[in-house]
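**Student:** Below: sequence and its predicted model.
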Amino acid sequence: MRVSGKAVKYGDNINTDVIIPSKYLTSLDPSDWAMHAMEGIDPDFPRKAKEGVIIAAGRNFGCGSSREQAPQALKHAGVKCILAESFARIFYRNAINIGLPVLESPGITARINEGDMLSINLDDGKIVNESSGEVIFASRLPEFILEIIKNGGLIEHLIKIMGERRE
Amino acid sequence: MTISEKILAHAAGLDHVKPGDIVDAKVDMAMANDITGPLAIKMFKRIGLKKVWDNKRIVLVLDHQVPADSAKSAELHKIMREFAREQGIELLYDVGDGGVCHQVMIEGGHVKPGDLIIGADSHTCTYGALGAFATGVGSTDMAAVFATGKLWLRVPQTIKINVTGGFQELVGPKDLILHIIGKIGADGAIYKAIEFTGPTIRGMSISGRLTLCNMVVETGAKNGIIEPDEKAIEYVRNRADKPFKIFKSDEDADYERTINFNVDSLEPMVACPHSVDNVKPVKDVEGVEIDQAFLGSCTNGRLEDLEAAARILRGKRIKRGVRMIVTPASTQVYLEALKRGLIEIFIRAGACVSNPTCGACFGGHMGLLAPGEVCISSSNRNFVGRMGSPEAMIYLASPATVAASAVEGKITDPRRFLEGSA
């Protein structure tokens, strides 16, 4: 499974309150969240993300609350994949569960510039920076997590598994 | 094995687990609130199952925006009530019933030593104070728990935090956990378990232990945990009507590392804007003028916290031009504070006392900040925009420091109130 897009860079400890402020959580419509994605630090983000982007961030991406609306906002705004030095664990699970690929990529922030064109193979974690020609390897996703992402998220994955068991 | 490893092994039906293992664990109790619950319910319905795995093991709490602050919040609440009705979930804590979900879980006897508890809220880690393995997840994971009663979990490595020494007067658990977060950093324990040990922890009240475990998530930790002792067991026996199993770490258990803290000379601490690990002694920022003081939240909204603040506020007025908001963590806390005269002390001091809710801490309602305003808060996060305007500044501190600062109108070391306070 491959994804590609332009890199948008952020620093360390990007928290869920800046990814999607609490005042938008009363909606259950993902397009409402997408409209305000990253509003706390980068109000221009929804416009940038429209064409399909890859976030390259520092340590502890997605720290803070358990709100799944955070990865949802990013996914529906146009984020194809998030690369980070490390992730906060609830955000990491939430992203996988909604079918948004997240790859731990130690050293990533030093080797990618804002706007670089990236192409990523999720099966082996190989990241090609097409702008610089550099190849970077992210940590590979465990097989069962890759399976959830390929099925489009945990719910779709469960529906598929339960369907197979019935057959 | 450590206590965390033993509980996960037990929940997965295994004799032994080690850090890094991925286990399919049986959940003893699942909790969702009015922010995460409606989305979990929507996801559960998409799976297409008619019934949840066990309607006696699901707790639904309306706490973040109660009473409904908008028609949209009211809709979310309605989704929760209808789901509880159709699934026969009796443990629904509605407006007026309960309060902040974590306090409700603890007070209601829904947390027992040895349990695996999954909550759709990041501060679920609070319950480790009673010897449970408790961790937060998002709505889709919760939907999967509603459906199957199980969750995959990676067994975390454990960091042991050993605490010795005695607190100075008006210094306590909140100052300690802020100090710890400042030392190990906002990602210092990412994916890991934190186990608190040592004489200071054994001497600490359950309320103080809850404050410690509550904030481990601010270091990225998966759970915080304290071996249950007589104090914890008695607390649970007075509330829960089911038997439970006590797990303790083996003498030769493997820890990722051990960090020692001594609290003898610990001072009142404060986390400065805009990150929870930007921690300094209060004296370094004394004099910063404030607009609002907030006392409440799952971190510090319990009776002991209200008492610490009331001790300073008794017979005093908060500074003119400063507003103070007091939000008891639960209806039980509120009632007890009323009986003990604490609510009267707050009102006479000029504070506004609200109903139990996550309200101001979560930035939902009941005390939001305008651009440029400064708040000192007993809550757990000071992120940009957390309590309203992204241009507001939030300082996190203990209930005593919040109260002292409210009286002075600027950040103040509560020990200044020691003379003549008796």
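**Tutor:** Now that the structure is in, tell me what you want to look at.

**Student:** With adjacent residues omitted, what lies nearest to residue 35?
**Tutor:** You didn't say which chain, so I picked chain A. A:Pro46 (5.8 Å; C-beta to C-beta, 6 or more residues apart in numbering or on different chains). Every C-beta, even on glycine, is put in place using the N, C-alpha and C of the backbone.

**Student:** think we crossed wires, I meant chain B
**Tutor:** B:His64 (4.7 Å).

**Student:** The residue nearest to A:Met35 sits in which helix or strand?
**Tutor:** helix A:45-49 (DSSP states H and E).

**Student:** Quick check: next helix or strand after that helix?
**Tutor:** Counting by DSSP H and E, what follows helix A:45-49 is strand A:53-57.

**Student:** what's the helix or strand just after that next one packed up against?
**Tutor:** Counting by DSSP H and E, the next helix or strand C-terminal to strand A:53-57 is helix A:69-77. When contacts are defined as 3 or more C-beta pairs under 8 Å, 6 or more residues apart in numbering or on different chains; DSSP states H and E, helix A:69-77 packs onto helix A:16-19, helix A:30-35, helix A:45-49, helix A:89-97.

**Student:** Would you check how far apart A:Thr109 and A:Glu85 are?
**Tutor:** A:Thr109 is 6 Å from A:Glu85, where distance means C-beta to C-beta, to the nearest Å.

**Student:** nope, B:Leu8 is what I was after
**Tutor:** 27 Å.

**Student:** Does the residue nearest to B:Ile35 touch B:Thr357 like I think?
**Tutor:** Yes. B:His64 is in contact with B:Thr357 according to C-beta atoms under 8 Å; the separation is 7.1 Å.

**Student:** Poorly predicted segments of the chain, please.
**Tutor:** I'll assume chain A. Within chain A, the segments meeting pLDDT under 70 span A:165-167.

**Student:** looking at chain B here, not the other one
**Tutor:** B:419-422.

**Student:** Any part of the lengthiest helix in it near chain A?
**Tutor:** The helix spanning the most residues in chain B, taking DSSP state H as the definition, is helix B:71-87. Yes. For helix B:71-87, a contact with chain A is found by C-beta under 8 Å from any C-beta of the partner chain, at B:72-73, B:75-76.

**Student:** that older thread, what about the helices and strands packed on helix A:69-77, which gets the closest to B:Ser377?
**Tutor:** helix A:16-19 (13.9 Å; C-beta to C-beta).

**Student:** Would you mind listing the outside residues contacting that closest one?
**Tutor:** Contacts with helix A:16-19, where a contact means C-beta atoms under 8 Å, 6 or more residues apart in numbering or on different chains, come from A:37-41, A:62-65, A:67, A:70, A:73-74, A:91, B:363, B:381, B:383-386, B:390.

**Student:** Which of the residues in stretch B:328-341 are classified as buried?
**Tutor:** The neighbour-count check on stretch B:328-341 (16 or more other C-beta atoms under 10 Å in any protein chain shown) flags B:328-334, B:336-337 as buried.

**Student:** ditto for stretch A:151-159
**Tutor:** Under the neighbour-count criterion of 16+ other C-beta under 10 Å, stretch A:151-159 has A:151, A:153-159 buried.

**Student:** So which of those belong to helices?
**Tutor:** Using DSSP H, these in helices are A:154-159.

**Student:** of those, list those near chain B.
**Tutor:** Near chain B, by the rule C-beta under 8 Å from any C-beta, you find A:154-155, A:158-159 out of these.

**Student:** element containing B:Tyr43, please.
**Tutor:** Quick fix: residue B:43 reads Met, not Tyr. Going by DSSP H and E, B:Met43 is in helix B:37-47.

**Student:** do the next helix-or-strand element following that helix and chain A meet?
**Tutor:** Per DSSP H and E, the first helix or strand lying C-terminal to helix B:37-47 is strand B:58-61. No. Strand B:58-61 is not in contact with chain A by C-beta under 8 Å from any C-beta; minimum separation 13.7 Å.

**Student:** for strand B:58-61, packing partners?
**Tutor:** Using 3+ C-beta pairs under 8 Å, 6+ apart: strand B:58-61 touches strand B:29-33, helix B:71-87, strand B:92-93, helix B:101-107.

**Student:** export those to a markdown table and tack on mean neighbour count?
**Tutor:** What follows is the helices and strands packed on strand B:58-61, written out as a markdown table (neighbours: other C-beta atoms under 10 Å in any protein chain shown):
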| stretch | mean neighbour count |
| --- | --- |
| strand B:29-33 | 28 |
| helix B:71-87 | 16 |
| strand B:92-93 | 22 |
| helix B:101-107 | 27 |
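
**Student:** what is in contact with A:Thr109 and A:Glu85 at once?
**Tutor:** With C-beta under 8 Å, 6+ apart as the test, A:Thr109 and A:Glu85 both reach A:57-58.

**Student:** Smallest gap between the stretch 151-300 of chain B and chain A, at which residue?
**Tutor:** B:Asp187 (3.6 Å; C-beta to the nearest C-beta).

**Student:** Check the spacing between A:Leu141 and chain B real quick.
**Tutor:** Here A:Leu141 is placed at a distance of 12 Å from chain B (C-beta to the nearest C-beta, to the nearest Å).
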